[in-house]
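**Q** Attaching a predicted model along with its sequence, questions to come.
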2 protein chains.
Amino acid sequence: MTAASDYVLNQTMLRIKDPEKSVAFYQDVLGMTLLDTYDFPDMTFCLYFMGYPQTNVPEDPSQRAEWVFSQTGLLELTHNYGTEAIADFSYHDGNQAPQGFGHIGLSVPDVQTACDRFDSLGVTYVKRPEEGKMKGLAFIKDPDGYWIEILSAKGLRDLILN
Amino acid sequence: MTAASDYVLNQTMLRIKDPEKSVAFYQDVLGMTLLDTYDFPDMTFCLYFMGYPQTNVPEDPSQRAEWVFSQTGLLELTHNYGTEAIADFSYHDGNQAPQGFGHIGLSVPDVQTACDRFDSLGVTYVKRPEEGKMKGLAFIKDPDGYWIEILSAKGLRDLILN
């Protein structure tokens, strides 16, 4: 039995209806990089790996794939072909019944500055930082309605310890 | 409008029925560390932050909280008080209808070695590495039934590029 402490939490996978909308949102609104795309036409789906790269992303496809699957904290967006064309198609965000997955959370330098940015970009909120019991943290929605917590390290520390 | 490229993908939040079972699983089976626990008795829930620490975890509670919310690739397990005592209570894994969240994924040095470990610990599989189209990668289940992909960087690279 080998120790498991050298494992890496590489990815969180969310299904998305429309990659054009989702890649644009995570890239242009949340500042992530599209690290690599893996298309599986036989199985009619395509994967978009996004994140905040901590080192240079290798250009060589083989090196890049190995690099992607070595990183921690990536988002894997799965697009099953054709869902974007079905008007009433939507995925389940996990926060209404039946519950399960709750959200992903981004740590930002300053929540209010981030929210000013989101306001200027027309982002939809679940909770603004000034609303609710948990002051200073926000929840926004991605194009599929998945919740994204917006927090700062110092803000959460103060919220939790006070 | 400030750039967002200094954001950090800090957390993925999953609701759990029974923290005793889930913390044991992520710690003892998957090798994660329980980094910190935040209890909110007024709101009757408790948060368990788990992950693979890349630096030393500060001992001081204030420094530790700030550290937790600065990291990338953590798992936030949310326990709503009392669910563990409800026999027929369960959360939704996102892979049956209504679909949404799919899985988290761990990058391990060697998938077969990891699976030998899981076998010795009685882990439940969705897919063993030798099953299905995607040879060499596995899916296991956590105590709530959430799917966890077990992959290796070289294995996925070869699967994708061949």
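**A** Good, I have the coordinates.
**Q** Run through the helices of chain A in chain order.
**A** Using DSSP state H, the helices of chain A run over A:19-24, A:61-68, A:111-120, A:153-161.
**Q** Format the ones you listed as CSV; extra columns: mean pLDDT.
**A** Listed next are the helices of chain A as CSV, based on pLDDT from 0 to 100:
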stretch, mean pLDDT
helix A:19-24, 98
helix A:61-68, 97
helix A:111-120, 96
helix A:153-161, 93
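**Q** Please dump these into a markdown table; it should also carry distance to residue B:57 and mean neighbour count for every row.
**A** From N, CA and C alone the C-beta is placed, and that goes for glycine too. Below are the helices of chain A laid out as a markdown table (distance: least, Cβ to Cβ, whole Å; neighbours: other Cβ atoms under 10 Å in any protein chain shown):
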| stretch | distance to residue B:57 | mean neighbour count |
| --- | --- | --- |
| helix A:19-24 | 34 | 16 |
| helix A:61-68 | 26 | 18 |
| helix A:111-120 | 24 | 17 |
| helix A:153-161 | 14 | 19 |
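**Q** do you know which of the ones you listed lies nearest residue B:18?
**A** helix A:153-161 (22.8 Å; Cβ to Cβ).
**Q** What are the contacting residues of that closest one?
**A** A:107, A:111, A:134-137, B:38, B:61-62, B:65-70 (Cβ atoms under 8 Å, 6 or more residues apart in numbering or on different chains).
**Q** let's go with 6 Å and repeat that
**A** By Cβ atoms under 6 Å, 6 or more residues apart in numbering or on different chains, the surrounding residues in contact with helix A:153-161 are A:107, A:111, A:136, B:38, B:62, B:65, B:66, B:69, B:70.
**Q** mind showing which ranges of chain A have poor pLDDT?
**A** A:1-2 (pLDDT under 70).
**Q** Find the residue at the geometric middle of it.
**A** In chain A, the residue lying closest to the centroid (Cα atoms, centre = their mean) is residue A:75, at 5.3 Å.
**Q** That one: what's it in contact with?
**A** Residue A:75 touches A:12, A:50, counting by Cβ under 6 Å, 6+ apart.
**Q** what about 8 Å?
**A** Residues counted as contacts of residue A:75 (Cβ under 8 Å, 6+ apart) are A:11, A:12, A:14, A:26, A:32, A:49, A:50, A:51, A:104, B:9.
**Q** And residue A:19, by the same measure?
**A** Counted by Cβ under 8 Å, 6+ apart, residue A:19 has contacts A:46, A:48, A:77, A:79, A:84.
**Q** Contacts only, for the fourth one.
**A** By that I understand residue A:79. A:15, A:16, A:17, A:18, A:19, A:22, A:45, A:46, A:47, A:48.
**Q** Please check these and keep the buried ones.
**A** A:15, A:16, A:17, A:19, A:22, A:46, A:47, A:48 (16 or more other Cβ atoms under 10 Å in any protein chain shown).
**Q** so which of those residues would you say is closest to residue A:151?
**A** residue A:22 (21.6 Å).
**Q** on that earlier part again, for the buried ones among the contacts of residue A:79, which one is nearest chain B?
**A** Chain B lies nearest to residue A:15 out of the buried ones among the contacts of residue A:79, by Cβ to the nearest Cβ, at 5.8 Å.
**Q** check contacts around that closest one.
**A** Taking Cβ under 8 Å, 6+ apart, we find residue A:15 in contact with A:77, A:78, A:79, A:80, A:91, A:144, B:99, B:100, B:101, B:102.
**Q** In CSV, list the contacts of residue A:19 along with distance to residue A:125.
**A** As requested, the contacts of residue A:19 are exported to CSV (distance: Cβ to Cβ, whole Å):
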residue, distance to residue A:125
A:46, 29
A:48, 24
A:77, 21
A:79, 25
A:84, 24
